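Undergrad: after the sequence you'll find the predicted model.
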Amino acid sequence: MADWQTEGRELLAQGTQAWDRGDRLNAEAYFRQLTQEFPERPEGYNKIGVVFAETGQLDEAEQCFLRALTLDRGHAPALTNLGNIYLERGKTEDAIQHYLLALQSDPDYPAAHRNLGVAYRRQGRYYSYVSHFKRSQRLDSRKNRQELFRWSGSPFRSTSPSVGPNVPAFVWLIVAAIGVVIILSVFHV
């Protein structure tokens, strides 16, 4: 049997990258391979459900999300996506329940907060809408900063959320050197 930590995560990443590029056919192929090699994992079924949902095949998407949830009742992405199906069908209360279940499983899942906010807005619950929507934005921002740090490979990371991305030390040295050159040229020292 294949190893999830290496092979499974790689298939998931490849499928997600294909999806992000707009290559739906290859993305779906990776996700189907994921379900074949890791039938006990919810991720592939959830992703195939997203493919179906995007093409308007809501019944098929719902079945995929339910299949993912039989494997992991607390899988926040599948709970959120199932909520999206219900919201699309006009079943706002069912959607809200699924978003809340997703947040019980993962309180920091941005998509669940964002979509819960949308459902609340449909109900005219504007304070709750704004609260969850802002939370989703903060969580997305934090996630993007973490991805930037991981991508840059920088060992210099800030623990302060108010500080922007950290820059490697050699960049600061270059900036300082340029600053010294500018100061010397301005003051003609």
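TA: Structure received.

Undergrad: what segments of the protein are helices?
TA: 9-21, 24-37, 43-54, 58-71, 76-88, 92-105, 110-122, 126-152, 169-187 (DSSP state H).

Undergrad: quick one: low-confidence parts of the protein?
TA: 1, 151-170, 172, 181, 184-189 (pLDDT under 70).

Undergrad: using TSV, please lay out the helices of the chain together with distance to D3 and mean neighbour count.
TA: C-beta here means a position set from N, CA and C on the backbone, and glycine is covered the same way. TSV is the format used below for these (distance: least, CB to CB, whole Å; neighbours: other CB atoms under 10 Å):
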stretch	distance to D3	mean neighbour count
helix 9-21	9	16
helix 24-37	10	18
helix 43-54	14	23
helix 58-71	18	18
helix 76-88	22	24
helix 92-105	25	19
helix 110-122	28	22
helix 126-152	21	14
helix 169-187	37	10
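
Undergrad: looking at those, which is closest to A2?
TA: Nearest of the helices of the chain to A2, taken as CB to CB: helix 24-37 at 4.8 Å.

Undergrad: packing partners of the closest one?
TA: Helix 24-37 sits against helix 9-21, helix 43-54, with contacts defined as 3 or more CB pairs under 8 Å, 6 or more residues apart in numbering; DSSP states H and E.

Undergrad: now with 10 Å, please.
TA: helix 9-21, helix 43-54, helix 58-71 (3 or more CB pairs under 10 Å, 6 or more residues apart in numbering; DSSP states H and E).

Undergrad: can you tell me which of those is nearest to N84?
TA: N84 sits nearest to helix 43-54 of all these, at 6.9 Å, using CB to CB.

Undergrad: report the angle between the closest one and helix 9-21.
TA: On the basis of axes from the mean of the first three to the mean of the last three CA atoms, to 10 degrees, helix 43-54 is oriented at 10 degrees to helix 9-21.
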